[in-house]
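Undergrad: Would you be able to build a 3D model of this:
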Amino acid sequence: QVQLVESGGGLVQAGGSLRLSCAASGDTFSRYIMGWFRQTPGKEREFVARITPFASNTYYADSVKGRLTISRDNAKNTVYLQMTNLKPEDTAVYYCAASIPGYSKRYSYPNSYDYWGQGTQVTVSS
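TA: Numbers count the residues shown, from 1 in each chain. Just a heads-up that it's a prediction; the model follows:
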């Protein structure tokens, strides 16, 4: 079992940048595919990005390609989301999640993830 704690959210003006971190503990971090999702009130949780266990592959939602970058440091048990050129529509609670790889899993969907952090608020003002 792994515990996840996000940090780095806050208030930023449009066009600005933030870096979110997600620290993992309790299990071997490199076992997991790591993902970032976001959610706004009244909407379903939305896929943002994911990264394979040894960072060989990354995947992004179309809405964030070229602006957000996911990375991980397995030595520090941490996954990051570097956010640049932020837009008001990026405002959401951001969650990191860990998934034990499985053949039938679809990693753009929240139900393919086994563990979740508590979330961190990102607010982008116009």
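
Undergrad: Quick one: the strands in this protein, in order.
TA: Using DSSP state E, the strands of the chain run over residues 3-7, 10-13, 18-25, 33-39, 46-51, 58-60, 68-73, 78-83, 92-99, 115-116, 120-125.

Undergrad: To residue 109, which of those strands lies closest?
TA: Nearest to residue 109, of all the strands of the chain, is strand 46-51, at 7.2 Å by CB to CB. C-betas here are computed from N, CA, C, even on glycine.

Undergrad: List the neighbouring strands of that closest one plus their orientation.
TA: strand 33-39 (antiparallel), strand 58-60 (antiparallel) (DSSP bridges).

Undergrad: quick one, which of the ones you listed is packed in tightest?
TA: Among the strands paired with strand 46-51, the stretch with the highest mean neighbour count (mean count of other CB atoms under 10 Å) is strand 33-39, at a mean of 24.

Undergrad: For the closest residue to residue 74 other than its chain neighbours, grab the count of nearby residues.
TA: Distances taken as CB to CB, 6 or more residues apart in numbering place residue 30 nearest to residue 74, at 4.6 Å, with adjacent residues excluded. Neighbourhood size, residue 30 [other CB atoms under 10 Å]: 14.

Undergrad: With residue 24 instead?
TA: 24.

Undergrad: What of the one 5 residues further on?
TA: The number of residues packed around residue 29, counting by other CB under 10 Å, is 21.

Undergrad: Enumerate every residue touching it.
TA: Listed by CB atoms under 8 Å, 6 or more residues apart in numbering, the contact set of residue 29 reads 2, 72, 74, 77.

Undergrad: Give me the pLDDT for it.
TA: Per-residue pLDDT puts residue 29 at 94.

Undergrad: of all the contacts of residue 29, which comes closest to residue 105?
TA: Nearest to residue 105 among those: residue 2, at 16.2 Å, using CB to CB.

Undergrad: Perfect, I'm done here.
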